[in-house]
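>>> What follows is a predicted structure for the sequence shown.
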Amino acid sequence: DALPIFENENIKLGGDGDKKEEKQEEEEEIQVPDVDVATTIQDKKWSERKQAFLRMQAEFKKGEKFQEYLPYLTNCAQEKSPAGGGDAAKVLLCFAQKAPEAFAKEQFSKIVEELCGGSLLTGRAKKTTKDCLLVFLEFIPFEDWLKTITEHSVASRNRKVFPEIISTVVEGVKDFGLKVINPTIVIEWALQQLEKTDRNVKEQAKMVLVETYIWMGDQIKSYFEDLKDATKKSLETEFDKVKGRKGERKRKTRNDQGNEAAGDTDEKKEDDVPVFAGKKVDALKNLPDNWVSEASQAEKWKDKKTRLDELLATIEGKTLIANNPRFNDVAKYVTQWISDSNIFVKGKALQSAKIMTAAMDSNKWRNFATEIVPIAMPLWKEKKMQITAHLTPLLVIIYEKILDMNEIIPSLRICFTNKVAKVKQDAWNYLSKCVEFEPKQSQISQIVDEDFCKAIIKATFKDSDKGVRENAGTCLGHILGATRNDSLKKMYEAEAENNKAVKERVEKVMVKYKDKAASSAPKKVKKKKAKKEEKKEEIEKKKEKK
């Protein structure tokens, strides 16, 4: 008679944690045990304690009696019976889900301490128990959450607890993604665990890195410089198994949940969530101590090449390079040597500048980038691989990351009239790449003045070199598609009437911009603000009632 009577017989509040749990029952009134929790929860029989657990679950689900039942959360966390563990864990889960955030935060450390000292994390109810810890992550900052669960689990006498805690972190990375999980913190934490001797700890730590790799890709490898080769190889093997898989965010913070409840549907898509790039490495510290003094005295091309070889040996393969006191001196000589008369020196200087520009803060490179553009563009005349492999990629990075179009166009205009056909070919090809870069596409309309229109039309239809005509025509298609400039369009249409080949080339490129033009057309914006405010007020009222 003391057992609860359910309207839905398929609902099971009891726990067998290793099995796939039933979906949460629909909110409906159910009869719960009418017992005194304070006395029943102390009973020696697990079947009696279960009545107290069910009573607590029911009250928490209604949003009530959190303060009154607070002392008995310890009993739940320390439940030793495998049969009663599932219900005890569900009490803690309900508390995490329903208790006011500020109140739940205050109890988090104590709950974790009790869990790490009990058997719920390692028994049949461990799935529900881990789920409880992950619910706390919905409103507790990741760094604080990780610190708390680590400290208490490491202090536990039970060696099985810590691997389960790491397993919980694995699920956290998998379900929350890098919008909630700080990549630097979790990666460095996992690498520390890899150094432990416990085999289970190391295996779970490896899985943390695998799940982080799914979100970050190869950028995670910037953290692996100090790892042993065997460890790197082992991680590479695991990464290959999940290569190409994309992370999918299954859990959301309370803040995101509140936005959705208020009708805010403007949240970024998962693909748009910025992903942390990696760890900055002070690569320049590995240069020889006398590098700057040797570079200042280098007059022969072989000496300059030696200095550049030393530099490349320290920066190649680095995706993020930290600032260093010697940076300005190093960048000064790299910039100077781009205009050196020796092809090998120029090539290695361009390669060094490309790597450093991509890997370092844009503010550090701005002054040097301004110097590099006018001295590098004339090198388009070179056909040697040492130059062509690095020149245009370097200039593309400079535009995308550092300089604006109005800072680059003066040097480009000079190249458009260069006597060497290859310079003109590469100049128009480079401008096409710049126009295709969407984040700065709005800047292109600023350069389309009368002189520019005449220059690109002349290059497209009348230049004596076929390569120039083709590259200029492709660039014309990009600019017409991106800017919809009427003056340029009229000049193009007047010439294109008698040149079908050019017309096909230009319009083939413009097709790429048709969808964008349609989507950028002005639309009527519905006024949702009032509705959002109303929903927010309703949520606040419900919280006050609880």
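Thanks, I have it. Numbering: from 1, shown residues only.
>>> Looks like Lys196 contacts Glu203 (just checking).
No - counting by Cβ atoms under 8 Å, Lys196 does not reach Glu203; the two are 10.6 Å apart. Just so you know, the C-beta spots here come from the backbone N, C-alpha and C atoms, and that holds for glycine as well.
>>> shared neighbours of the two, anything?
Residues touching both Lys196 and Glu203 (Cβ atoms under 8 Å, 6 or more residues apart in numbering): none.
>>> For Asp175, see how far away Lys419 is.
Separation of Lys419 from Asp175 (Cβ to Cβ, to the nearest Å): 62 Å.
>>> sorry, that was for Ala359
From Ala359 to Asp175 the distance is 32 Å (Cβ to Cβ).
>>> Excluding sequence neighbours, find me the nearest residue to Asn286.
Once flanking residues are discounted, Asn286 sits nearest to Thr314: 4.4 Å by Cβ to Cβ, 6 or more residues apart in numbering.
>>> So what's the gap between the helix or strand containing the one you found and the chain middle?
Using DSSP states H and E, Thr314 falls within helix 301-315. Centroid displacement of helix 301-315 relative to its chain, using Cα atoms, centre = their mean, to the nearest Å, is 34 Å.
>>> That helix: what's the following helix or strand?
helix 327-337.
>>> Show me what counts as buried in that following helix.
Within helix 327-337, the residues that count as buried by 16 or more other Cβ atoms under 10 Å are 327, 329-335, 337.
>>> Let me know the angle separating that helix from helix 301-315.
130 degrees (axes from the mean of the first three to the mean of the last three Cα atoms, to 10 degrees).
>>> on contacts alone, who are the packing partners of helix 327-337?
Where contact means 3 or more Cβ pairs under 8 Å, 6 or more residues apart in numbering; DSSP states H and E, helix 327-337 is packed against helix 291-297, helix 301-315, helix 343-359, helix 362-376.
>>> just those: most buried one?
Of all those, helix 343-359 has the most neighbours on average by mean count of other Cβ atoms under 10 Å, namely a mean of 23.
>>> just to revisit the earlier point, in terms of neighbours, single out the busier of Lys419 and Asp175.
For Lys419 and Asp175, the more surrounded residue by other Cβ atoms under 10 Å is Asp175, and the numbers stand at 18 against 7.
>>> Could you check how far that one is from Gly84?
Using Cβ to Cβ, we find Asp175 at a distance of 28 Å from Gly84.
>>> So what's the residue count around Gln446?
So Gln446, with other Cβ under 10 Å, has 12 neighbours.
>>> That one: what's it in contact with?
405-406.
>>> Three-state assignment for it, please.
helix (DSSP: H, G, I helix; E, B strand; the rest coil).
>>> Could you tell me what pLDDT the model assigned to it?
Note for Gln446: predicted pLDDT of 92.
>>> Would you mind measuring from it to Ile408?
11 Å.
>>> Moving C-terminal from the helix or strand bottoming out on mean pLDDT in the chain, which element do we reach first?
Lowest mean confidence among the helices and strands of the chain (mean pLDDT, DSSP states H and E): helix 514-519, at a mean of 57. Downstream of helix 514-519, the next assigned helix or strand under DSSP H and E is helix 529-545.
>>> who does that next one touch, helix- and strand-wise?
For helix 529-545, the packing partners by 3+ Cβ pairs under 8 Å, 6+ apart come out as helix 254-261.
>>> Could you pull out the helices in the stretch 401-546 of the chain for me?
For the stretch 401-546 of the chain, applying DSSP state H, counting those that start in this stretch gives helices covering 405-416, 421-436, 450-461, 466-483, 486-496, 500-510, 514-519, 529-545.
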